[in-house]
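Peer 1: what's the 3D shape of this:
(chains A and B)
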Amino acid sequence: MGFSEYTAAREYLGIIGQPVITYIFITSLFLGFFSILYLLKKEKYYDYLIKCLYINAGLYVLGFIFLIWFHIQIYNTVLIEYPDFLRQMIPVGSSRFVLPLWIESEKLYFWAMVSLVFALTVKRSKDLVSLLGIVLSVFSALIYFFSNPFKEPLPIVHNEISRWYAALAAGDGSIFQIAGTLYGRITFYYNSTYMWTHPPLLFIAYASLIITAAACVYMLIKRDKLYDEIAYRYAKPGYILLTTGMLIGYPWAVEAWKDSAWWWDPKISGSIMMWVLYSAYLHARIYVQRGKMWRATAYLGIACFASLVFTYLLTYIVPGIHSVVQP
Amino acid sequence: MKSHMQKYDYYLIILTTFILFAIGIVCVYGITYYNYLAANPQWTRTIQYSQYIDDMNSYLYPFLVLLLISLGLCIPKRLFEQDTLIKFSALLLGVTIILTFLLGIGTGLGFILAVMVGVQGLVLILTFEKSKTIRFEKEGYIGKLGSSLLHLGVALLIFNFVTLRESSFHIMIFWFGTILITAGNIFSFYPDKINSLYPPH
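Peer 2: Residues are numbered from 1 along each chain as shown, chains lettered A, B, ... in the order given. Purely as a prediction, here's the structure:
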């Protein structure tokens, strides 16, 4: 087992995954199309919409199974054996990648897949599903064009693995630096228990809170109490997971970043902002029956979701310790 | 009397919502200012970074004090009558302001947080014992317990962040606070489901 087996698995993932993501894209177009038709008062298209939703969710799950297979292949084929010199400073002789399924281009995919599953749970609320159908269709299109996990799978991990094997083959001094960096990345990032709990809790929360936002939009349009109840029903698990997921990130930051400049980093400020807004929403909702409070809570629910999207995008638009962009 | 108290609770909730919203605005300011300062890639290694942290903390702390006062009004109202409650809160705020002027915002905030942890702890014990001396908005034992756990967890976590960051117990207290908050959320949001797990004999 080694680099050639790993690259073969990576190529194979592209071969089997690319058709799946293409079908996801095509069914998403249909999903968006039928959703718009339903919203244009063409009731008869609702069944097609639901079928598209099921097919889309099924395809996402199938692609996810392929990703799991690829991650298992990485674990089996790539072994990082640290040089003797380094073993005196670190507590392990070798490491394997236990890669989470929500890193790099896979995180949007994971979020979209969970969102589709949540959307299926509100299928009785036809208006809501049709709005979600449009949102999820745009989501899938974005994934297909900008965050496709089957096209060049895990480019950063691939670069790290390739550099390791290249240094191993060259046998020069660069291996010490590369091995040291890899030890930190594998121990404190990829294989960390926090990495396996903090992001997925947040992504599942985000998926639940999409339903809340969509229901708040309909609350404003239809002025029907039912939508407020749906919004609240999905805000509850969303808030629990959001709070716990965010809190789990704290000891991880203390452990992994130690004295680095992470406090009041834009992503952390954004996360606090998002959390206080959702807390404000849940507080305001206590008096939803009173006067025009239903309207205020609906606007607040939409503002909360805008802050969620903004916080997610902060990684890509503002520099910081969480970010992929540099000044 | 009841409608008077309900009106009072309503305005308290509105006040809390506005305070939370204001904290959100402080965060937006932080993001914008961080982005502005990051034009120099090395800025986090300069004095500017510690200055930025101090500035952000100083903008946040007044709202945190207000939030704690509002939570304080929220929680001891379960213990005291309204007049006593307002006097208690005014006294708390007064002592906090005096301590802030004499010993700094950290000490002032530490004081109010310590009082809050004590009060919330007392509320939790009384709630757990099903005491009739406390009054809740929520109905049902599990919901009340959840609310008490949640508020104690929040007060404990903020106290831990503000005053115990250098303590060797910091992470342990953090996990304890996290468990309280998570359990409090679950109990508050799903009292009926939890009740159904333990049907009465």
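Peer 1: From chain B, how far off is A:Thr311?
Peer 2: Distance of A:Thr311 to chain B, given as Cβ to the nearest Cβ, to the nearest Å: 9 Å. C-beta here means a position set from N, CA and C on the backbone, and glycine is covered the same way.
Peer 1: helices and strands around the host helix or strand of that residue, which ones?
Peer 2: Remark: A:Thr311 resides in helix A:293-317, with elements defined by DSSP states H and E. Judged by 3 or more Cβ pairs under 8 Å, 6 or more residues apart in numbering or on different chains; DSSP states H and E, the packing partners of helix A:293-317 are helix A:193-222, helix A:225-257, helix A:266-285, helix B:2-37.
Peer 1: so which helix or strand takes in the spatially most central residue of chain B?
Peer 2: Closest residue to the average C-alpha location of chain B: B:Ala155 at 4.3 Å, with Cα atoms, centre = their mean. Element membership for B:Ala155 (DSSP H and E) is helix B:141-163.
Peer 1: and that helix, how far from the chain's centre?
Peer 2: 7 Å (Cα atoms, centre = their mean, to the nearest Å).
Peer 1: what's the following helix or strand after that helix?
Peer 2: Assigned by DSSP H and E, the successor of helix B:141-163 is helix B:170-189.
Peer 1: Show me which residues of that next one are buried.
Peer 2: B:173-174, B:177-178, B:180-182, B:184-189 (16 or more other Cβ atoms under 10 Å in any protein chain shown).
Peer 1: Which one of those residues is nearest to A:Gly301?
Peer 2: B:Phe189 (15.9 Å; Cβ to Cβ).
Peer 1: Find the residue closest to the closest one in space, skipping its chain neighbours.
Peer 2: Leaving aside its sequence neighbours, B:Phe189 sits nearest to A:Lys236 (Cβ to Cβ, 6 or more residues apart in numbering or on different chains; 4.2 Å).
Peer 1: Contacts only, for the residue nearest to the centre of chain B.
Peer 2: B:Ala155 sits next to B:Leu68, B:Leu71, B:Leu113, B:Met116, B:Val117, B:Gln120 when contact means Cβ atoms under 8 Å, 6 or more residues apart in numbering or on different chains.
Peer 1: please redo it, this time with the cut-off set to 10 Å
Peer 2: B:68, B:71-72, B:75, B:112-121, B:177, B:180 (Cβ atoms under 10 Å, 6 or more residues apart in numbering or on different chains).
Peer 1: Quick one: neighbours of residue 20, just the number.
Peer 2: No chain in the question, so chain A it is. The tally of other residues near A:Val20 (other Cβ atoms under 10 Å in any protein chain shown) stands at 18.
Peer 1: actually it's chain B I care about, not the one you picked
Peer 2: 23.
Peer 1: Tell me which of the helices and strands packed on helix A:293-317 approaches B:Tyr52 most closely.
Peer 2: With Cβ to Cβ as the yardstick, what comes closest out of the helices and strands packed on helix A:293-317 is helix B:2-37 (6.5 Å).
Peer 1: State the pLDDT value of residue 28.
Peer 2: Since you didn't name a chain, this refers to chain A. Turning to A:Ser28, the model gives it a pLDDT of 96.
Peer 1: Wait, chain B was what I had in mind.
Peer 2: On pLDDT, B:Val28 comes in at 93.
Peer 1: That one and A:Met273 touch, don't they?
Peer 2: Yes. Taking Cβ atoms under 10 Å as the definition, B:Val28 is a contact partner of A:Met273 at 6.2 Å.
Peer 1: how close does A:Ala256 sit to A:Leu131?
Peer 2: 39 Å (Cβ to Cβ, to the nearest Å).
Peer 1: Who has more neighbours out of the two?
Peer 2: A:Leu131 (21 against 17).
Peer 1: Looks to me like the more buried one is in a helix.
Peer 2: Yes. Per DSSP: H, G, I helix; E, B strand; the rest coil, A:Leu131 lies within a helix segment.
Peer 1: what residues are up against A:Phe3?
Peer 2: Taking Cβ under 10 Å, 6+ apart as the test, what A:Phe3 contacts is A:Thr77, A:Val78, A:Ile161, A:Ser162, A:Trp164, A:Tyr165, A:Ala166, A:Leu168, A:Ala169.
Peer 1: about what we covered before: can you tell me the closest non-neighbouring residue to the residue nearest to the centre of chain B?
Peer 2: Using Cβ to Cβ, 6+ apart, the nearest residue to B:Ala155 is B:Met116, at 4.3 Å.
Peer 1: For chain A, see how far away B:Lys159 is.
Peer 2: Quick fix: residue B:159 reads Phe, not Lys. From B:Phe159 across to chain A, the span is 15 Å (Cβ to the nearest Cβ).
Peer 1: give the contact list for that residue.
Peer 2: B:Phe159 is in contact with B:Leu68, B:Leu109, B:Gly110, B:Ile112, B:Leu113, B:Ala114, B:Val115, B:Met116, B:Val117, B:Ile173, B:Gly177, counting by Cβ under 10 Å, 6+ apart.
Peer 1: Need the worst-confidence member of those.
Peer 2: Least confident entry in the contacts of B:Phe159, by pLDDT: B:Leu68, with 77.
Peer 1: A:Thr181: which of the buried residues of helix B:170-189 is nearest?
Peer 2: Closest to A:Thr181, out of all of those and judged by Cβ to Cβ, is B:Phe174, at 29.0 Å.
Peer 1: nearest spatial neighbour of that closest one, skipping sequence neighbours?
Peer 2: Among residues not flanking B:Phe174 along the chain, B:Asn160 sits closest, at 5.8 Å (Cβ to Cβ, 6+ apart).
Peer 1: mind checking pLDDT for the one you found?
Peer 2: Reading off the model, B:Asn160 has pLDDT 91.
Peer 1: Next, work out how far apart it and chain A are.
Peer 2: As judged by Cβ to the nearest Cβ, B:Asn160 and chain A stand 10 Å apart.
Peer 1: about what we covered before: where do the contact lists of B:Val28 and A:Met273 overlap?
Peer 2: A:Ser307, A:Phe310.
Peer 1: neighbour count winner among these two?
Peer 2: Comparing B:Val28 with A:Met273 by neighbour count (other Cβ under 10 Å), the higher total belongs to A:Met273, at 26 against 14.
Peer 1: can you pull the contacts of the residue lying closest to the more buried one once chain neighbours are set aside?
Peer 2: The shortest distance from A:Met273 to any non-neighbouring residue, by Cβ to Cβ, 6+ apart, is to B:Cys27 (3.6 Å). By Cβ under 10 Å, 6+ apart, the residues touching B:Cys27 are A:264, A:266, A:268-277, A:307, A:311, B:56, B:59-60.
Peer 1: ok so, going back, would you mark the buried spots in the helix or strand encompassing the residue nearest to B:Ala155?
Peer 2: According to DSSP H and E, B:Met116 maps onto helix B:105-128. Across helix B:105-128, burial judged by 16+ other Cβ under 10 Å covers B:105, B:108-113, B:115-117, B:119-120, B:122-124, B:126-127.
Peer 1: Stretch B:40-54 now?
Peer 2: For stretch B:40-54, by 16+ other Cβ under 10 Å, it's B:Trp43, B:Thr44, B:Tyr49, B:Tyr52.
Peer 1: How about residues contacting that stretch?
Peer 2: Outside stretch B:40-54, the residues within contact range by Cβ under 10 Å, 6+ apart are A:260-265, A:319-321, A:326-327, B:30, B:33-34, B:36-38.
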